[in-house]
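S.K.: This is a predicted model, with the sequence first.
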Amino acid sequence: MQYQPTLGQITYAPSETAQQRVDPNQAMRGDQGASQLLGQLNRAQWADWKNRFAPYVDELARVAQDNNAPGAAAANASNAVGLAFDSSQQGLAQQRQGYGISQTPQQQAAEERRTSLERSASMVSAGNEARISAQDRQDAILAGGMGLSNIPDRVMNQ
C-alpha cells in the first residue's frame with residue numbers, strides 16, 4: 001500500500017491575465033487612468049486567485065462531499081492492521097524455526113485463537129478510528145476549520 005496525499009498535487013500555472021504587467025504610470029494618464037489601472041489590478045488578482053486557489057477549494061469540496069471516504073478509510077486501516085498481524089505471525093514463526101522450537105497442537109490452537117481474537121479486535125478498532133477521523137476531517141472542511149491554510153503535505157508551499 002502506497003501513501004497517497006489527501007488532496008493530491010494540483011499543478012499551478014499562472015493565467016495569461018496574471019502574467020500581464022501593469023504599468024503604474026497609467027494612473028496618471030487621462031481622467032480615468034487610475035480607475036482603469038485599479039480595474040486591471042482587480043482582474044489580474046481575480047484571475048490569479050481562480051487559477052491558483054480555486055482548484056484547491058474544488059478539491060476540498062469534493063473531499064467534504066465524498067460519502068465513501070469514511071468507509072474507504074476504515075477499510076484501508078483495517079487491511080493495514082491485518083497485514084501487520086500477518087507479518088508479525090510470519091516473523092514469529094521464522095524466529096521459532098531459527099531457534100528450533102516447535103509447538104504442540106494444543107499450543108498452536110491456543111495461539112491461533114488468541115491471535116485471531118487480537119487481530120479481529122485490532123482491525124475493528126483501527127477501522128472505527130479511521131472512520132471517525134475521516135468524518136471529522138469532512139466536518140472540519142464543511143465548518144471552515146480546514147481552509148486553504150490547513151491543506152496537508154505542504155502542497156500550497158510550492
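M.R.: Nice, thanks for sending it over.

S.K.: just checking, what packs against the helix or strand in which Leu41 is found?
M.R.: Here Leu41, judged by DSSP states H and E, is contained in helix 33-52. On a contact count with 3 or more Cβ pairs under 8 Å, 6 or more residues apart in numbering; DSSP states H and E, helix 33-52 meets helix 16-19. Just so you know, the C-beta spots here come from the backbone N, C-alpha and C atoms, and that holds for glycine as well.

S.K.: So, low pLDDT: which residues of this protein?
M.R.: 1-22, 27, 146-158 (pLDDT under 70).

S.K.: Next, count neighbours for Pro55.
M.R.: Neighbour count of Pro55, defined by other Cβ atoms under 10 Å: 14.

S.K.: can you count the residues close to Pro70?
M.R.: Applying other Cβ under 10 Å, I find that Pro70 has 19 neighbouring residues.

S.K.: which strands and helices sit next to the strand or helix carrying Ala61?
M.R.: Following DSSP H and E, the helix or strand that holds Ala61 is helix 54-65. Where contact means 3+ Cβ pairs under 8 Å, 6+ apart, helix 54-65 is packed against helix 105-143.
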